[in-house]
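# mind looking at a prediction? Sequence and model below.
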Amino acid sequence: MHIFRSLIACLLVCLIWGTGCGLAEPPRGAVSGAVIYNGQPLTSGVVTLVNETTGVGASVELDSSGGYYIQSIRTGQYKVAIYNTPPPPGGKPVMLDIPGKYQDIQTSGLSVTVEEGDNTADFKL
């Protein structure tokens, strides 16, 4: 009988350990889209998302077609800003030719809601 109880206890421990007893990962989604300024794709810059409630954020450089893709970010409401691309070591910064309000997370007026799965958010400046 003692062996049977030990076996049951061992199975329960394995079951709990195997299913995880820690905190569950928060839901995540992906975000992609394009940044357009004066009807043309913005071909340089960094798209930055910030969730002011959680403090979570993400940044990604625009590609040559004005597109961006954030593969995994927590779900929620994010404010968005478009910043200059950091210069390479020893290089000169390339300044964006967009209104300054879009380069400040508090004044850009841009936002996106990220839900589980794939999300699309284009930004027309």
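Received, thanks.
# where in the chain is pLDDT low?
When the per-residue scores of the chain are filtered using pLDDT under 70, the ranges that remain are 1-22.
# just the strands in the chain please.
For the chain, the strands defined by DSSP state E occupy 28-37, 40-41, 46-50, 57-61, 67-74, 76-83, 110-114, 117-120, 123-124.
# for those strands, give me JSON lines that also has mean neighbour count and distance to residue 97.
C-beta: built from backbone N, CA, C; applies to glycine. Compiled in JSON lines, these are given as follows (neighbours: other C-beta atoms under 10 Å; distance: least, C-beta to C-beta, whole Å):
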{"stretch": "strand 28-37", "mean neighbour count": "18", "distance to residue 97": "8"}
{"stretch": "strand 40-41", "mean neighbour count": "11", "distance to residue 97": "11"}
{"stretch": "strand 46-50", "mean neighbour count": "21", "distance to residue 97": "15"}
{"stretch": "strand 57-61", "mean neighbour count": "15", "distance to residue 97": "17"}
{"stretch": "strand 67-74", "mean neighbour count": "16", "distance to residue 97": "18"}
{"stretch": "strand 76-83", "mean neighbour count": "20", "distance to residue 97": "11"}
{"stretch": "strand 110-114", "mean neighbour count": "18", "distance to residue 97": "17"}
{"stretch": "strand 117-120", "mean neighbour count": "12", "distance to residue 97": "25"}
{"stretch": "strand 123-124", "mean neighbour count": "16", "distance to residue 97": "16"}
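# let's have these in TSV, adding distance to residue 89.
Supplementary listing: these in TSV, determined by distance: least, C-beta to C-beta, whole Å:
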stretch	distance to residue 89
strand 28-37	25
strand 40-41	27
strand 46-50	17
strand 57-61	16
strand 67-74	23
strand 76-83	18
strand 110-114	30
strand 117-120	34
strand 123-124	29
